[in-house]
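Student: One predicted model, sequence on top.
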Amino acid sequence: MKFQTTHYHLDLLKDADRVSAFFEAINDYSKKTELAYDLGCGSGVLSYFLSNKFNEVKSIEIDSKASCCALKNLEKYENIEVINEDVLNYNFAKKADLIVCEMLDTALIDEEEVQVLNYARRFLKEDGEIIPKAIINIAELVNMQRNYIHWDENASYEILSSPVNYSKVIFKEEINPSFEKNLKFEVNKDQIANGIKITTVTILNDDLVCGPTPMFNPPLLIPIEEIDVKCNDLINVKLKYNMGQGIETIETQII
Ligand SMILES: C[S@@+](CC[C@H](N)C(=O)[O-])C[C@H]1O[C@@H](n2cnc3c(N)ncnc32)[C@H](O)[C@@H]1O
C-alpha cells in the first residue's frame, strides 16, 4: 500500500525496524477485537494494521496535515474512523480492547505519551491492552563532543561506565510525569566525564522488545558538569526531568 504522508511521517514510515515491531505486536495481539484506538495515528500506518483485526478502529491525530493524509490513506477501510483532534480533548464514548499509542521518544521526555495515556487509560476495558506495554531507561556516563542536549544515533561520544538500568515505565499504570533519581555510575575508564547517555528500550509485548532506531528513541546525550574520573570510581549524578514537558526540563547535578 502507498501512503501519502508529511515529511516527518515519511521518515517514520521508512524506519523498517520501528514499523515491523508494531506490525508484529499488533499481529501477536490475540484478545477481544471489538474496538481499538490508535492515538497519534500520523499517516495511519498502525490503523491500517489494526483494521485487519478489529471491528472498529478510531484513529486520532492532532496534526491536521497528517490526519488529512490518514483520511485519504484509509478511506477504503470502512471500519476506521480518522479524527483530527487532540487526544486530550477527545470525548471517548466507548471503552476499547486495545490502545496503540506511539508518541514515544527517549525517556518519554519530549512527547506526550505519558499525558495522553494518563488521560486515555480510563477508556480501556479492564482486561484491555496497551501497545507498547512499557519502556526501560538505561543511562551511561560518557565523554561527549557537543556540550548541549541532543539526540543522535551517530553522535560522537565515549562510554565511561557500565550501564545503569534506572527506570521502567508501565503504560497500564498511572504514571507520575515528574522524574527524579540519583544514578550511581561505576567508572571503567580514566577520562573526563562530561555527560550521560540515555537509551530507551521499548517493550511492545511480553515477547517483543525494540531497541533504539534512527526514528524511534535515538540515544539522548545530556551534558553534566565536567569531572575527571578514574577506573573504579563511583560517580553519583542526580537526574531530573518532566515527562512530556520537553528536554528543557532536564536537570543534572553531580552529588
Ligand atoms: C511518533 S508519531 C507516530 C505516528 C504514527 N502512529 C506512526 O506510527 O507512524 C506521533 C504522532 O502523535 C501525534 N500527537 C502528538 N500529540 C498528540 C495529541 N495530544 N493528540 C493527538 N495526536 C497527537 C503527532 O502529531 C504525531 O503524528
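Tutor: Perfect, thanks for sending it.

Student: Touching the strand or helix carrying Lys181 from outside, list them.
Tutor: Under the criterion of DSSP states H and E, Lys181 resides in strand 178-186. With contacts defined as Cβ atoms under 8 Å, 6 or more residues apart in numbering, strand 178-186 is touched by 107, 139-141, 160-162, 164, 166-167, 196, 232-243, 255. The C-beta positions use only the backbone N, C-alpha and C, and glycine is treated the same way.

Student: can we see that at 6 Å?
Tutor: Residues outside strand 178-186 that contact it (Cβ atoms under 6 Å, 6 or more residues apart in numbering): 139, 141, 161-162, 164, 166, 234-242.

Student: The protein against the ligand: which residues are in contact?
Tutor: 9, 12, 40-43, 45-46, 60-63, 66, 86-88, 102-103, 112, 116 (Cβ under 6 Å from any ligand atom).

Student: I'd like to know which of those residues are buried.
Tutor: 9, 12, 40-43, 45-46, 60-63, 66, 87, 102-103, 112, 116 (16 or more other Cβ atoms under 10 Å).

Student: and the residues of the chain next to the ligand, which of them are in strands?
Tutor: 60-61 (DSSP state E).

Student: Domain-wise, how is the protein divided?
Tutor: 7-102, 135-254 (automatic domain parsing).

Student: deepest of these, which one?
Tutor: domain 7-102 (a mean of 19; mean count of other Cβ atoms under 10 Å).

Student: secondary structure element for Leu204?
Tutor: Here Leu204 is assigned to strand 191-205, by DSSP H and E.

Student: Check Asn91 too.
Tutor: Applying DSSP H and E, one finds Asn91 in no helix or strand.

Student: picking up where we left off before, out of the domains of the chain, the one nearest Asp127 is which?
Tutor: Of all these, domain 7-102 sits nearest to Asp127, with 7.0 Å by Cβ to Cβ.

Student: how far does the closest one sit from the chain's center?
Tutor: Between the centre of domain 7-102 and the centre of its chain there are 16 Å (Cα atoms, centre = their mean, to the nearest Å).

Student: do stretch 215-227 as well
Tutor: 16 Å.

Student: My guess is Val187 contacts Asp233. True?
Tutor: Yes. Assessed by Cβ atoms under 6 Å, Val187 is found in contact with Asp233 at 4.2 Å.

Student: which helix is the longest one in the protein?
Tutor: If each helix of the chain is counted by residues according to DSSP state H, the longest one is helix 16-28.

Student: which residues of the stretch 151-255 of the chain fall in strands?
Tutor: 157-159, 164-170, 178-186, 191-205, 208-210, 220-229, 234-242, 251-254 (DSSP state E, counting those that start in this stretch).

Student: any chance of those in a markdown table, with mean pLDDT too?
Tutor: As requested, these are exported to a markdown table (pLDDT from 0 to 100):
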| stretch | mean pLDDT |
| --- | --- |
| strand 157-159 | 96 |
| strand 164-170 | 98 |
| strand 178-186 | 98 |
| strand 191-205 | 97 |
| strand 208-210 | 96 |
| strand 220-229 | 97 |
| strand 234-242 | 98 |
| strand 251-254 | 98 |
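
Student: Distance to Glu24 for those - can I get that in TSV?
Tutor: Formatted as TSV, those follow (distance: least, Cβ to Cβ, whole Å):
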stretch	distance to Glu24
strand 157-159	30
strand 164-170	20
strand 178-186	29
strand 191-205	7
strand 208-210	6
strand 220-229	25
strand 234-242	30
strand 251-254	36
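
Student: which one of these lies closest to Tyr77?
Tutor: So among the strands of the stretch 151-255 of the chain, strand 191-205 is nearest, using Cβ to Cβ, at 22.9 Å.

Student: Listing partners with orientation, what would you give for that closest one?
Tutor: In the sheet, strand 191-205 lines up against strand 134-144 (antiparallel), strand 208-210 (antiparallel), strand 220-229 (antiparallel) (DSSP bridges).
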